[in-house]
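Got a predicted model here, sequence first, then my questions.
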Amino acid sequence: MNRDQIMKAVKQELPNKRWVHTLGVMKTAVSLAKTYGADPVKADLAALMHDYVKYWPMDKMRQVILEQGLPQELLDCDWELWHAPVGAYAAKQEFGIEDEEILDAIRYHTSGRENMTTLDKVVCLADYIEPGRDFPGVNDIRKLAKRSLDKALAEGFDTTLLYLISKHKPIFPLTLLARNSLIKFSSKM
Ligand code: DGI
Ligand code: FE
Ligand code: FE
């Protein structure tokens with residue numbers, strides 16, 4: 001599918017609020033990609049598809065995880081994590097996306113991973129700071145995003161981790177690895 005066809009399919013799948021969020025993530029991801037040297041075309045596409053399956057029924061996502069060999073540890077953590085790897089699967093199956101960099105940026109947009117690529121980082125950070133986001137501390141992360149991609153994203157993960165701990169929710173190990181590797185890199189700068 002071309003970009004216009006994917007736009008139509010994603011828009012149709014999402015409630016208006018989530019579509020507006022998606023447009024915000026696209027704009028922010030392209031801008032971050034230009035600042036930090038990722039491919040803006042790939043950032044735009046990954047952002048467009050990043051939440052495509054967000055509203056699939058939990059059972060449908062569980063089935064994909066079980067049948068398509070996705071990490072089974074996902075099933076022991078919050079189901080909010082599932083739409084990212086399942087979304088990468090759907091982007092390939094339904095939209096014919098073969099580019100592994102784009103698929104990875106979708107796959108890891110929620111959890112992060114160790115040694116994230118610049119494209120992974122810009123999509124993940126854009127998801128935290130797109131103009132529609134409004135959580136305590138988001139403006140500090142927006143400011144930080146002008147200076148350091150790694151520091152801003154580490155701050156984003158810190159916010160999520162503190163939230164998960166406060167709710168006594170499990171933490172997906174990749175998020176810890178992502179945060180630690182960002183801190184390792186940004187402390188050298
Ligand atoms: O899909 P969005 O709402 O745009 O944002 P997202 O894909 O970053 O999903 C974030 C949700 O996932 C957020 O409410 C926290 C939840 N979550 C649950 N467990 C974990 C987690 N997020 C991360 N990074 N790591 C977890 O272990
Ligand atoms: Fe998401
Ligand atoms: Fe999102």
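Nice, I can see it. Ligands and ions are numbered 1, 2, ... in the order given.

got a list of what residue 78 touches?
164, 169-170, 172 (Cβ atoms under 8 Å, 6 or more residues apart in numbering). Any C-beta I mention is one placed from the backbone N, CA and C, and that applies to glycine too.

now residue 1
Neighbour list for residue 1: 9, 94-96 [criterion: Cβ under 8 Å, 6+ apart].

Please repeat the previous calculation with a cut-off of 6 Å.
Neighbour list for residue 1: 95-96 [criterion: Cβ atoms under 6 Å, 6 or more residues apart in numbering].

Relative to residue 76, how far out is it?
For residue 1, the distance to residue 76 equals 34 Å [Cβ to Cβ, to the nearest Å].

Where do the helices of this structure begin and end?
Under the criterion DSSP state H, the chain carries helices at the ranges 3-13, 16-36, 40-49, 58-67, 83-95, 100-107, 118-129, 138-145, 149-166, 173-187.

Most tightly packed of those?
helix 118-129 (a mean of 26; mean count of other Cβ atoms under 10 Å).

Now tell me which of the helices of the chain the model trusts least on average.
Ranked by mean pLDDT, these bottom out at helix 173-187, which scores a mean of 90.

Near ligand 1, which residues of the protein are found?
Proximity of the chain to ligand 1 is confined to 51, 54, 77-78, 80-81, 84, 109-111, 127, 160, 164, 171-172, 175 under the rule Cβ under 6 Å from any ligand atom.

interface residues of the chain facing ligand 3?
51, 127 (Cβ under 5 Å from the ion).

which residue is nearest the centroid of the chain?
Nearest to the geometric centre of the chain sits residue 109, at 1.9 Å (Cα atoms, centre = their mean).

wait, it sits on residue 124?
Yes: under the criterion of Cβ atoms under 6 Å, residue 109 lies in contact with residue 124, with a separation of 5.2 Å.

from what I can see residue 32 touches residue 122, true?
Yes: counting by Cβ under 6 Å, residue 122 is a contact partner of residue 32 at 4.0 Å.

Need the residues touching each of the two.
Here residue 32 and residue 122 share no contacting residue, scored by Cβ under 6 Å, 6+ apart.

Skip the chain neighbours and tell me the closest residue to residue 96.
For residue 96, ignoring the flanking residues on the chain, the nearest one in space by Cβ to Cβ, 6 or more residues apart in numbering is residue 1 at 5.9 Å.

distance of the one you found from residue 109?
Note on residue 1: its distance to residue 109, by Cβ to Cβ, is 20 Å.
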